[in-house]
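> Give me coordinates for this.
(chains A and B)
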Amino acid sequence: MADNKFPNPHEIEAIPGTEGWERMYPYHYLFSTKDKERKEYEDNAFWFNDALHYPEPMYPFDIIWDEAWFLALSQFNTRIFMIPPALGVDHRIINGNVYITPVPVTDPEEVQKRIPLFMERAGYYYENWDKLHDQWKKKMKEIISDIENLDIGSLPDMEDISVVKNGLGTSSGYALLKNYDKLIDLGILCWQYHFEFLNLGYASYVTFVDFCTKAFPDIPLQKITQMVAGIDVILYRPDDELRKLAKLAIELDIVSLIGGDSKDVEAVISELSGSEAGKKWISAWDEAKNPWFNISTGTGWYHQDISWNDNLNIPLRSIRIYIGKLNEGQSIDRPMEEIKAERKRLIKEYRGLLKTDEDRQTFDQLHGIAELVFPYVENHMFYVEHWFHSVFWNKMRSVGSIMKTHQFINDTEDIWYMSRSEIKEALWDLVTSWATGTKGYGPLHWPEEIEWRKGVYQKFKENRPIPAVGTPPEVIVEPFTIVLWGITNDSMAAWSTLKEIGDPDKVKEMEGFAGSPGVVEGIARVCRSVDDIGELKEGEILVAPTTSPSWAPVFQKIKAVVTDVGGIMCHAAIVCREYGMPAVVGTGQGTAIIKSGMKIKVNGDNGKINIER
Amino acid sequence: MEKRHNYVLWFEECDLKSFPLVGGKNASLGELLKADIPVPPGFAITTSAYNLFLEQRNIKKEIFKTLKSIKTEDMDSVEEASKTIRALIEGTEMNDDLQDYIGEFYRRLSKKCNVPAVPAAVRSSATAEDLPTASFAGLQDTFLWIRGVDDILTHVKKCWSSLFAPRVISYRIKMGIPHEQVEISVGVQKMANAWSAGVMFTLNPATGDQSTIAIDANFGFGESVVSGECTPDNFIINKITDEIIKKSISHKTILYTRDPESHCVVKQAIPDERTDIQCLVDKDAIGLARIGKKIEKHYGKPMDIEWAIDKDTPGKAKIMILQSRPETSWSDKKIEPVMKPRSSALAHICAELVAGKKVN
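Predicted coordinates for the structure are as follows:
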């Protein structure tokens, strides 16, 4: 461990021109030397940049989800399920980037005391998994319906007469404050539910992984996940809908009306509505929109991750790719039966190699539970990060639009440069001045402040975050840290060497996780977002910060994938395994080091990438 | 249909049932072929041919008369008898029909291998080999790189006569096995002309992982790998999915090959342009691993296998299995449970959480 040296968190300097950035974020996210005890705690912990969730610096508003999971993950570990050796995950911010550290239970006696509590509490969830999971789905659908029906409202010059005749007793100003609170509350609640099952899901997965790697030291992690991964995963549904729509277009003989990418979705729909066949297709298209087009084009973590519903040209373009494949006589169906059969075979074969009945019993126990919990681990993202978030961002835009109307901000999208508590305060400013018939203070303060914040944010973006700060641990007990961020001695060593490489233009070899096996050489195409996928040519290698289900159609065109963030369970890895193409994920800096047009070699067997210079 | 003579049989026609006719070695080659495991092609000259030879030339009586003259405790008399008998066998010409039978099979073998007068290994295959208390294994001779019908016939007779080597005679006397009861078959098998060769384990010898196959390979014959004179290319292949998990290509400096003049195996330096080149292509490594799985299944245990890629066979590279023996270093280890058995998955999860994950 001595070789892996990381900077002290208190010695990181502000980027010139960003001084004062701290006020953009919650005060308790700051590293501080003010108090000796807190300083020591911060020095001795290992804080790593959560690049998995945040490939870009944090917008002051978007940190809402970070705070939400800070609370939710931690409370389930520490206070609800009483994970014996692990408390929560602590958070900090340096130069706009989030750093996290798992907090262990240090007193061995305390760990022992927590064991029976964990057994009882986690045991209850595992035993009643299906029942509780059904209940979870109900709860999620309820809050999604709540947020969809939430009307943020507006501030009229004069209240409607109904306010008087119904004896309402409140104003639109009060309603705006209440609706904003409700919106934020629903968001926080959604994240409470998000973690209800996730910790236990990961804990059982980690245990199964550990058994498999002990029994079969050479087993690729991919094979382990293949043995537990669900097949009818809800996250694949949006893409399945596109395939169906592509087939339907051919069946109805309306492909010519769908046209090429230069034709806008509105033009397509209006032309289609002129014929019976076209109407039939439109009704299928409309039906697919809700909920399936609530899929985000990014991870859903950032406000700029718009959904298909926000730009219907995105799914339409994908449908055109599928139509093209169908016209070439290719099958676009996921080979479901083959995937199922292969999964079954893997389980049988690996189990068959175990030497004793005891081992087979342990395998069955652990595989059984991992298989039980895994569909949740895979599916929760559609409900939370995609569906809920997509609706949430747009509701926030309604709030932004009111603030713009009242000149508190210059543009609706400026709202993301304010924290949620600043917005609440500004809304008070806004509704009181509206109520009073005076000018608020906001227009004098926020536009100027936001201009400055934009400059700071830009500087944050231009500076690549340090992968980690503080003191690396010897043992990690927190299941998330292992599964999601893949924190191992190897990854830490890789991070510490990355720093020393210095000039990204000279790097010839880089490493990530072997996400999907195979070796391929080809031309790289860097796509920073799903908007860039139009530039991809047949047979290129996609290099992206991350991918999500809305990228699915591009996998038809490419021959390998490299991502900055993600572990073995990330979207790119899962999809590539299905398509049988190599993927190296979680490279940290793939999009920074690799440029479009470069010839690269992607080795999905060992996670290495060679760059020809 | 006319019943064919049973003096010479292709390996494909041999199996455990034909053991009395073709001996243990040839029978097991036949069994391997039946299990779809490619061994170098060849044929068995059966015990019937041996008996025919003894009877046709009327030398059988002579042999047993000579054997009777042995005085049990007198090594000199054993030596004497052996010399007489072996000279008799080796000096007596086979009948024309027997020569034709063997010659015809040899010519067909050469044609099959696409090599005129194909170099072959001529080895005896004793019918008493597998008697549990009287192992004759290794007591008979093997002759390598034999070419041409005349030489083949000569060495077949040498194999036959090896049944009367002094040590073999003494052994039979000691074990109380009547000389008349023991018969001998001879195998004639193409010499693998290895482009590359090496060893294969049906588990990873480094980790003991039985879900993988490990292959070591170098150019030329397998001697350089077996002897450890050369760092071979190494492949780790997932047995379940037939995917290469790990591959390391080494700097390979020497190889063993056959000198075209002397027909002897010689050591040579690998030309510079080939030293760092993968000596076994991925497709063949995977093909070899598939065969490894069949061999393991055939014997029901992890195996240690010698193999070669033959360069004579026309068309695609031809994998040949030369030797298989049970793997011992991991297979003999005491079996420990992977994880301590526990009453429930939850108990495992809890134990796992408490143990945590060591990161260094």
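> Distance of A:P315 relative to chain B?
Counting by Cβ to the nearest Cβ, to the nearest Å, the gap from A:P315 to chain B is 34 Å. For glycine as for every other residue, the C-beta is placed from the backbone atoms N, C-alpha and C.
> residues contacting the closest residue to that residue other than its chain neighbours?
With Cβ to Cβ, 6 or more residues apart in numbering or on different chains as the criterion, A:P315 has its nearest non-adjacent residue at 4.5 Å, and that residue is A:W308. Applying Cβ atoms under 8 Å, 6 or more residues apart in numbering or on different chains to A:W308 gives the contacts A:P238, A:K289, A:F293, A:N294, A:I295, A:T297, A:I314, A:P315, A:S550.
> ok, now A:L176?
A:I152, A:G153, A:L155, A:I402, A:L427, A:L430, A:V431.
> from the contacts of A:W308, which two are the most distant?
A:K289 and A:T297 (14.9 Å; Cβ to Cβ).
> more crowded one of these two?
A:T297 (24 against 15; other Cβ atoms under 10 Å in any protein chain shown).
> hmm, back to that, of the contacts of A:L176, closest to B:W145?
Using Cβ to Cβ, the contacts of A:L176 come closest to B:W145 at A:I152, 90.9 Å.
> close enough to count as contact, the closest one and A:N179?
Yes. Judged on Cβ atoms under 8 Å, A:I152 makes contact with A:N179 at a distance of 5.1 Å.
> so which helix or strand takes in A:M119?
helix A:108-127 (DSSP states H and E).
> Could you list the buried residues of that helix?
Within helix A:108-127, the residues scored as buried using 16 or more other Cβ atoms under 10 Å in any protein chain shown are A:V111, A:R114, A:I115, A:F118, A:M119, A:R121, A:A122, A:G123, A:Y125, A:Y126.
> Report pLDDT for the closest residue to the second one other than its chain neighbours.
What that stands for is A:R114. Leaving aside its sequence neighbours, A:R114 sits nearest to A:P84 (Cβ to Cβ, 6+ apart; 4.2 Å). At A:P84, the model reports a pLDDT of 92.
> With A:P549 instead?
71.
> now A:D532
Taking A:D532 on its own, its pLDDT is 79.
> roughly how far apart are it and A:T225?
To A:T225, A:D532 is 28 Å away according to Cβ to Cβ, to the nearest Å.
> between those two, who's got more neighbours?
Neighbour count, other Cβ under 10 Å: between A:D532 and A:T225, A:T225 has more, with 20 against 15.
> Next one: the helix or strand containing the more buried one, is it in contact with chain B?
Using DSSP H and E, A:T225 maps to helix A:221-228. Yes. Helix A:221-228 reaches chain B (Cβ under 8 Å from any Cβ of the partner chain) through A:K223.
> could you give the mean pLDDT of that helix?
What helix A:221-228 shows for mean pLDDT is 85.
> And the next helix or strand past that helix?
The helix or strand immediately downstream of helix A:221-228 is helix A:237-251, counting by DSSP H and E.
> Flag every buried residue along that following helix.
A:R237, A:P238, A:D239, A:D240, A:E241, A:L242, A:R243, A:L245, A:A246, A:K247, A:L248, A:A249.
> And the last one, how far from chain B?
It stands for A:A249. On the measure of Cβ to the nearest Cβ, A:A249 and chain B end up 37 Å apart.
> Quick one: neighbours of residue 63, just the number.
I went with chain A, as the question did not name one. 22.
> You answered for a different chain; I wanted chain B.
So B:I63, with other Cβ under 10 Å, has 21 neighbours.
> Touching, it and B:R86? I think so.
No. Contact between B:I63 and B:R86 fails when scored by Cβ under 8 Å: they sit 10.0 Å apart.
> which residues are common contacts for these two?
Contacts common to B:I63 and B:R86, judged by Cβ under 8 Å, 6+ apart, are B:F164.
> what residues does the helix holding A:T225 touch?
Helix A:221-228 has contacts (Cβ under 8 Å, 6+ apart) with A:205, A:208-209, A:212-213, A:342-343, A:346-347, A:350, A:367, A:370-371, A:374, A:513-517, A:568-569, A:573-574, A:577, B:238, B:240-241.
> Flag whichever of the contacts of A:W308 scores worst on pLDDT.
A:S550 (72).
> what phi and what psi does the backbone show at that residue?
phi -70, psi -10 (degrees, to the nearest 10).
> Repeat that for the one 3 residues further on.
A:P553 has phi and psi values of phi -60, psi -30 when expressed as degrees, to the nearest 10.
> what about it, how many neighbours?
Neighbours of A:P553 using other Cβ under 10 Å come to 24.
> show me what contacts it?
A:D239, A:L242, A:R317, A:S318, A:I321, A:Y322.
> In JSON lines, list the residues you listed along with distance to chain B.
Shown next, in JSON lines, are these (distance: Cβ to the nearest Cβ, whole Å):
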{"residue": "A:D239", "distance to chain B": "25"}
{"residue": "A:L242", "distance to chain B": "30"}
{"residue": "A:R317", "distance to chain B": "34"}
{"residue": "A:S318", "distance to chain B": "30"}
{"residue": "A:I321", "distance to chain B": "29"}
{"residue": "A:Y322", "distance to chain B": "29"}
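> Need the max-distance pair from those.
A:D239 and A:R317 (13.1 Å).
> For residue 78, which non-adjacent residue is closest in space?
Reading this off chain A. That would be A:L87: by Cβ to Cβ, 6+ apart, it lies 4.5 Å from A:T78.
> Wait, chain B was what I had in mind.
B:P166 (5.0 Å).
> Closest one to B:A289 out of the buried residues of helix A:237-251, please.
Once Cβ to Cβ is applied, the member of the buried residues of helix A:237-251 that ends up nearest B:A289 is A:D239, at 34.9 Å.
> wait, isn't the closest one in contact with A:P549?
Yes. A:D239 lies in contact with A:P549 (Cβ under 8 Å); the separation is 5.8 Å.
> pLDDT at the spatially most central residue of chain A, what is it?
Nearest residue to the geometric centre of chain A (Cα atoms, centre = their mean): A:T299, 3.7 Å. Each residue has a pLDDT score; the one for A:T299 is 78.
> quick one: it and B:K333, what's the gap?
47 Å.
> Tell me the helix or strand right after the helix or strand containing A:I321.
Here A:I321 is covered by helix A:313-327, with elements defined by DSSP H and E. The C-terminal neighbour of helix A:313-327 among helices and strands, as given by DSSP H and E, is helix A:336-353.
> and that next one, what does it pack onto?
helix A:198-215, helix A:221-228, helix A:357-381 (3 or more Cβ pairs under 8 Å, 6 or more residues apart in numbering or on different chains; DSSP states H and E).
> Which single one of the buried residues of helix A:237-251 is nearest to A:R453?
Nearest to A:R453, judged by Cβ to Cβ, of these is A:P238 at 34.0 Å.
> show me where the stretch 501-613 of chain A has strands.
Applying DSSP state E, counting those that start in this stretch to the stretch 501-613 of chain A gives strands spanning A:509-511, A:513-516, A:519-526, A:541-544, A:560-563, A:583-585, A:599-603, A:608-611.
> Distance check, B:V8 against chain A.
Applying Cβ to the nearest Cβ to B:V8 and chain A gives a distance of 42 Å.
> What values do phi and psi take at that residue?
Per degrees, to the nearest 10, the backbone of B:V8 is at phi -130, psi 130.
> For A:E422, give me its contacts.
A:P60.
> Any figure for the gap between it and chain B?
39 Å.
> buried sites along the host helix or strand of that residue?
According to DSSP H and E, A:E422 maps onto helix A:420-436. The neighbour-count check on helix A:420-436 (16+ other Cβ under 10 Å) flags A:R420, A:E422, A:I423, A:A426, A:L427, A:D429, A:L430, A:V431, A:S433, A:W434 as buried.
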